[in-house]
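Model the following, please.
(one chain, ligands or ions: 1)
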Amino acid sequence: MCGILGCIGVEDAAQVLHDGLKRLEYRGYDSAGIAVAHEGDIQVDKTAGRVEAIEPTHIPHSTFGLAHTRWATHGEPNEANAHPHTDCAGRIAIAHNGIIENHDELRQQLRQDGHAFTSTTDTEVIAHLIEDAYQATGDLGQALRQARHRLEGSYAILAVHADEPNLVVGTRHESPLVVGIDDGALYLASDIVAFREHTDRVVHLEDGDLVRLTPQGLIVDGQRTEPVQAEQVAWDLEDATKAGFPHFMLKEMHEQPRALREALTGRTQPGSIELNDGDTPTCSPSNETARDRGIDLAQVADHDQLIFIACGSSYNAALAAAHEFEQLAGIEARVERASEYEPNPWQTDRAAVVAVTQSGETADTLRALEAAKQAGFTTLAVTNTNGSTATRTAHGWVPIRAGPEISVAATKTFASQLAVLHNLAAHLAHLRGFTPDPRVREELDHLQDVPTQVQATLDEAGPANAVGQRLADHDRCFVLGSGPNHPLAEEIALKIKEISYVHAEAFPAGELKHGPLALVEEGTPVLALAPRTAEDPEAMISSMSEVAARGADVIAITDEPQPIEERGFQTVPVASKTEAGFVYSALVQGQRIAYQCAVERGCNVDKPRNLAKSVTVE
Ligand code: AGP
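Residues are numbered from 1 along each chain as shown. Model (predicted):
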């Protein structure tokens, strides 16, 4: 995944592009580059490594240009492979996010036609294709359109030409691209954060759109059935800055009470969740009319089974919520890893497919969603990103309203997804006329208290910080959780692995003796999720004793420390009153342990090695 940004009509393009790239670095940061047009030439500055290495004041003055921050997929991350890439004459510069699958074949043909390549990327073929097409058409927009027809794969592409002053063109296919509209200036980027400091008015582009930005305005050519409409962004730049926290992750962890309130506000009464946030759905890439996509929740409630498709933390959120759909709404819930999912067309009458994806752009999830839709399933997306490909592909979508999440590690979006899914289960139960176990209903009524409990837990950081520091001396650890807490154990283990590089594995406590116990040695850290409300709290205590007897260093995350401490175990306390409440508060302590461990080990918390925030390639 990479980040791209173009701008036009700005005072100092190099500075605007440089600032924007820094905000896009969560999408990739192994090389970067900026291209601006200056006195009839294209000037390109590239670097291996972070954008900081580029000095914007050394770039000639211009009012338009484009830029790229890369996460290498084809070709190693060096200066030659950094974008922007140029054509043979150096008159055209392009930036690309995605993968060109037929690049080998195109490269061969272009070489035979006399084109010389300077990089080993898949992207460079695009610059040469545009070069050929421009010679034939003399129009950069047309040239991009013609080049696009020869590309297979996923892409968002920006291009400028030295002979076309005051023009930036762009197009997308299965990669995000959004326009920002300011007075006299326009921006085009993979993500709104790149230009949010300049404007809050945006247009989400759709697959197949070809956009021309000029100082006079914006022209979108596409196969849309509805006119292009600007939308207002609902969050401030403050939401996308560290606001005094040392890391985005820590800030986003602290935003969880607010995010949870946003996720739940006005939505806890039956009938108060509206698909598409009450908006008229926009048309999708496959050109359906808005009416085709105007499903309501009753149509989802008609199904006896929900198949959740998701990756990583979103998968864990779906797994944690699946139990609620079964208990509360009497709907069978299956959770599939999106990367592995293949739709079974025989199930279309009884099952609906729900994609859970904070970014709405994860390639594996989008592939699975599209496949489900093609197979005839009713589809729904639960996402943090209005206007994302997931919202445009699914028949309906539910926003989680967590605000922008910059750190690669999902924190507040996991919590908000879980809350929205819990709530969705209650709404479906109501629509199905299903009477759940009164205890489950009571749990749900208490969801309103969860943000306050999470805040109280966040305020008690000391013990979790101490555990994180201790964990930093180890290479591996285990997280035990049973029943509804097993997905939570998986999520905590994922956080530890991903940001601190400590190998963390989650197990249901009862599984220990069937194999994993052999891995426990003197001093092995074991985190145990031990809620007061568990069906059988003693079962977890015996599992803890079992590992402690083999020398493990056992720490319980619990809402009832006293009886556990009396047995000689150390605890990390959490504030919660109910079974569901425990999950959210214990999550916060697990995140804190992972965070502190990563800080202690000197890891790059917000940008862990080998990972990008949203994985837009399969
Ligand atoms: C979690 O911390 C990860 N960064 C990752 O597992 C993420 O949840 C996954 O890639 C799915 O992303 P999505 O929710 O944007 O689809």
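
just checking, V467 touches I593?
Yes. Under the criterion of CB atoms under 8 Å, V467 makes contact with I593 at 5.1 Å. Just so you know, the C-beta spots here come from the backbone N, C-alpha and C atoms, and that holds for glycine as well.

between the two, who's got more neighbours?
I593 (31 against 25; other CB atoms under 10 Å).

Chain neighbours aside, what residue packs nearest to that one?
G468 (4.4 Å; CB to CB, 6 or more residues apart in numbering).

Which SSE is immediately downstream of the helix or strand harbouring that neighbour?
Under the criterion of DSSP states H and E, G468 resides in helix 462-471. Using DSSP H and E, the helix or strand that follows helix 462-471 in sequence is strand 476-480.

and that following strand, what does it pack onto?
helix 486-500, strand 503-507, strand 525-530, helix 537-549 (3 or more CB pairs under 8 Å, 6 or more residues apart in numbering; DSSP states H and E).

Contact partners for the residue nearest to I593?
592-597, 599-600 (CB atoms under 8 Å, 6 or more residues apart in numbering).

Out of the residues you listed, name the ones that lie in helices.
592-597, 599-600 (DSSP state H).

can I get the residues you listed in a markdown table with pLDDT?
A markdown table is the format used below for the ones in helices among the contacts of G468 (pLDDT from 0 to 100):
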| residue | pLDDT |
| --- | --- |
| R592 | 97 |
| I593 | 98 |
| A594 | 98 |
| Y595 | 98 |
| Q596 | 97 |
| C597 | 98 |
| V599 | 97 |
| E600 | 97 |
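
Turn these into JSON lines, columns for distance to the ligand.
Formatted as JSON lines, the ones in helices among the contacts of G468 follow (distance: CB to the nearest ligand atom, whole Å):
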{"residue": "R592", "distance to the ligand": "15"}
{"residue": "I593", "distance to the ligand": "15"}
{"residue": "A594", "distance to the ligand": "10"}
{"residue": "Y595", "distance to the ligand": "12"}
{"residue": "Q596", "distance to the ligand": "16"}
{"residue": "C597", "distance to the ligand": "15"}
{"residue": "V599", "distance to the ligand": "17"}
{"residue": "E600", "distance to the ligand": "19"}
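
May I see the ChimeraX selection of the buried members of the residues you listed?
If you want just the buried ones from these in ChimeraX, going by 16 or more other CB atoms under 10 Å, the selection is:
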select :592,593,594,595,596,597,599,600
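
where do the helices sit along the stretch 1-150 of the chain?
With helices called from DSSP state H, counting those that start in this stretch, the stretch 1-150 of the chain shows them at 13-24, 103-112, 124-137, 140-149.

highest average neighbour count across the ones you listed?
helix 13-24 (a mean of 25; mean count of other CB atoms under 10 Å).

If you count contacts, what does that helix end up packed against?
Applying 3+ CB pairs under 8 Å, 6+ apart, we find helix 13-24 packed against strand 3-8, strand 31-38, strand 64-70, strand 186-189.

hey, C-alpha coordinates of the second one in PDB?
Output of strand 31-38 as PDB, limited to C-alpha atoms (Å, rounded to 0.1, in the frame of the first residue of the first chain):
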ATOM      1  CA  SER A  31      10.700   5.600  -0.100                       C
ATOM      2  CA  ALA A  32       9.200   8.900  -1.200                       C
ATOM      3  CA  GLY A  33       9.200  11.400  -4.000                       C
ATOM      4  CA  ILE A  34       7.700  14.700  -5.200                       C
ATOM      5  CA  ALA A  35       7.300  16.000  -8.800                       C
ATOM      6  CA  VAL A  36       6.500  19.500  -9.700                       C
ATOM      7  CA  ALA A  37       6.200  21.400 -13.000                       C
ATOM      8  CA  HIS A  38       8.600  24.300 -13.300                       C
END
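
Let me see the contact set for the spatially closest residue to R27 that is not a sequence neighbour.
Counting by CB to CB, 6+ apart, R27 lies nearest to G3, which is 3.9 Å off, once chain neighbours are set aside. Contact analysis of G3 by CB under 8 Å, 6+ apart lists 21, 24-28, 68-69, 97, 189-191, 194.

No more questions from me, cheers.
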